[in-house]
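**Q** Below are the sequence and a predicted model for it; my questions follow.
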Amino acid sequence: MGSRIEAVIYDGADRPAGLSPNLRVVSLGGGFGLTMLPVTDAAAEALVETEVGDNRISPDWPLLRQPVTALARQMSAGRRALYIVGETFAGEGIQEAIGWSDGKLMYAPSGTCDLEEDLEPGYHLVPRRDGAINTGLRVLGVHAVPDTDEYETVGLTRRRHTEDWLAER
């Protein structure tokens, strides 16, 4: 069984200025004051395709989308924002993440995988606990509780697919 998450995670519970009211945000757990904007395919397709968020993202990377990257950078005004994308199949997978603090890069584009055959140019083969998403969450100040990782600590394991987050209340 697989999973796929694409989201922008940011500091605070308030809605970033200029964020479309059609986009739903969800509070994350763990007591770190983080909120998540689930990014569905429909939401990503509605963004301006020509908008470049960061030219340091390798064009060979399959997950991070430039228009969403641009949105995440804009959302970081006055806060920190982390754009994450991860896919798994039968437990193994790939992850990409990039983050900003007040519009300035704070977490360089990172691409990681669990299996050598998934390596893309610029990716790193690492254990899941050191994957792009967990490392990015650490940059946001998340500290894993014992016997879990940062991903689980903030509650990202509650849903397997991005679209499933839209049902959160």
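**A** Alright, I've got the coordinates.
**Q** continuing past the lowest-mean-pLDDT helix or strand in the chain, what's the next helix or strand?
**A** Every helix and strand of the chain was ranked by mean pLDDT, DSSP states H and E. The lowest is helix 41-45, at a mean of 92. Moving toward the C-terminus from helix 41-45, the next helix or strand (DSSP states H and E) is helix 66-75.
**Q** residues in contact with that following helix?
**A** Residues outside helix 66-75 that contact it (CB atoms under 8 Å, 6 or more residues apart in numbering) are 6, 8, 10, 16, 18-19, 37, 39, 44, 47-49, 51-54, 57, 81-83, 98-100, 103. In this view, the C-beta of every residue, glycine as well, is placed from N, C-alpha and C.
**Q** quick one: average pLDDT of it?
**A** Mean pLDDT, computed over helix 66-75, is 95.
**Q** now stretch 139-147
**A** Mean predicted confidence for stretch 139-147 is 95.
**Q** can you pull the buried residues of it?
**A** Neighbour-count burial for stretch 139-147, counted by 16 or more other CB atoms under 10 Å, picks out Val139, Leu140, Val142, Ala144.
**Q** now, which of those residues sits nearest Leu28?
**A** In terms of CB to CB, no member of the buried residues of stretch 139-147 lies closer to Leu28 than Val142, at 9.1 Å.
**Q** number of nearby residues for the nearest residue to that closest one once chain neighbours are set aside?
**A** Excluding its sequence neighbours, the residue lying closest to Val142 (CB to CB, 6 or more residues apart in numbering) is Glu150, at 4.5 Å. Residues lying near Glu150 (other CB atoms under 10 Å) number 24.
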